[in-house]
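Enquirer: Need coordinates for the following:
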Amino acid sequence: MKKYQYIIFDIDNTLLDFSRSEYYALQKVFATYGVVFNEKTFNQYKEINHDLWDQLEDGKISKNVVLKERFKRFFLANNIVVDGVLVDKQYRGFLEKRNDVMGGAIDLLTQLKSDGYTVFAGTNGVGRTQRKRLASAGMTDLFDDLYISEEVGFEKPDVRFFDYIFNDAQLKDLSQVVMIGDSLSSDIEGASRVGIDSIWFSNGAETSEKKYTHKVDSLKDVLALV
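Expert: Presented below is the predicted three-dimensional model:
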C-alpha cells in the first residue's frame, strides 16, 4: 500500500553523481587557467563555493552572486584575475557533458513510474545545466515535471520553492508528499519548514540532526518507504 503519491527528488548527489561530474569539470577549468589540480586547490575551491552556497540558502545573497564570485575568488586566491561569469559558464559547459548517475537511480525512477507515483525533480541549480544533465542521463521522461530553483525563483530550503511546486502541481493533501534528497540543509530543512515528510539519502554519512522522517543509505531502500 502506498504511503505517498507525490515524490519530490533532489537531483545532485541523489540521482545524479554531482561529485564525480564536478571533479571532472574542475579539472578542466583549472587546466584552462594554469592552476594545478590537486587536493589543496580542490579543497580551496570547495570551501569558497560552499561558503557562498550556505549564504544563498540562508537568503543572504542571490544565485547570481554565487555564479559570479566563486571562480573569481578562487583564482584571485591563486593570483589569477578572471571574469567570474565567463569561467562559470565554461565550468557549466564541462558539467553539461557529463551524465554520471547514482547507483540504482534509473531503476528506482522506472519502478516508481510503473507503480503509478507522481514524480517531480526539485533541485537547486541553473535551469539549462540541470535539464541538459538529466536529458543526457536519460532521466527526463521519468519525471512528471522538473522544478529548478533558477526557474522557480527561489532556492531550497525557502518555503516559497516548495509552495511553488504545491501550487503548480495543485497538491492539496501534503501528507501525500515526500521529499527525497541528500542535503540536510536544503532538502530536509526545506521539507521540515513546509511540514512534509522527508527521506534523507545519507550516502553513508551520519548526523545528530533528526529533522528527517526516514533515512536510507541506498536508493533501492526507498521503495520500502513510499
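Enquirer: which residues of the chain fall in strands?
Expert: Counting by DSSP state E, one finds strands in the chain at the ranges 6-9, 118-123, 145-148, 177-181, 197-201, 214-216.
Enquirer: Save those strands as a markdown table, and put in distance to residue 165 too.
Expert: C-betas here are computed from N, CA, C, even on glycine. Compiled in a markdown table, the strands of the chain are given as follows (distance: least, Cβ to Cβ, whole Å):
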| stretch | distance to residue 165 |
| --- | --- |
| strand 6-9 | 7 |
| strand 118-123 | 6 |
| strand 145-148 | 5 |
| strand 177-181 | 9 |
| strand 197-201 | 14 |
| strand 214-216 | 20 |
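Enquirer: Reformat these as CSV; add distance to residue 94 and mean neighbour count.
Expert: Formatted as CSV, the strands of the chain follow (distance: least, Cβ to Cβ, whole Å; neighbours: other Cβ atoms under 10 Å):
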stretch, distance to residue 94, mean neighbour count
strand 6-9, 24, 25
strand 118-123, 19, 24
strand 145-148, 19, 17
strand 177-181, 24, 27
strand 197-201, 25, 25
strand 214-216, 30, 17
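Enquirer: Minimum distance to residue 21: which of those has it?
Expert: Among the strands of the chain, strand 118-123 comes nearest to residue 21, with 13.6 Å by Cβ to Cβ.
Enquirer: Note down every partner strand of that closest one and its orientation.
Expert: Strand 118-123 pairs in its sheet with strand 6-9 (parallel), strand 145-148 (parallel), by DSSP bridges.
Enquirer: Which among the strands of the chain is found nearest to residue 20?
Expert: Nearest to residue 20, of all the strands of the chain, is strand 197-201, at 15.8 Å by Cβ to Cβ.
Enquirer: tell me which strands and helices the closest one is in contact with?
Expert: Here strand 197-201 touches strand 177-181, helix 189-194, strand 214-216, going by 3 or more Cβ pairs under 8 Å, 6 or more residues apart in numbering; DSSP states H and E.
Enquirer: now that strand and strand 177-181, what's the angle there?
Expert: If you take axes from the mean of the first three to the mean of the last three Cα atoms, to 10 degrees, strand 197-201 sits at 20 degrees to strand 177-181.
Enquirer: and strand 197-201, which strands flank it?
Expert: Applying DSSP bridges, strand 197-201 is found paired with strand 177-181 (parallel), strand 214-216 (parallel).
Enquirer: Show me what the first one is in contact with.
Expert: Under the contact criterion Cβ atoms under 8 Å, 6 or more residues apart in numbering, strand 177-181 has outside partners 3-10, 14, 122, 162, 166, 171, 187-188, 190-191, 196-201, 213, 222, 226.
Enquirer: got the residue ranges for the helices in the chain?
Expert: 18-32, 39-57, 63-77, 84-96, 105-114, 127-136, 149-152, 159-168, 189-194 (DSSP state H).
Enquirer: Using TSV, lay out these together with distance to residue 176, mean pLDDT and mean neighbour count.
Expert: Putting the helices of the chain into TSV (distance: least, Cβ to Cβ, whole Å; pLDDT from 0 to 100; neighbours: other Cβ atoms under 10 Å) gives the following:
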stretch	distance to residue 176	mean pLDDT	mean neighbour count
helix 18-32	28	97	17
helix 39-57	26	95	15
helix 63-77	30	95	18
helix 84-96	34	95	18
helix 105-114	14	97	16
helix 127-136	24	94	18
helix 149-152	21	94	19
helix 159-168	11	98	16
helix 189-194	13	97	21
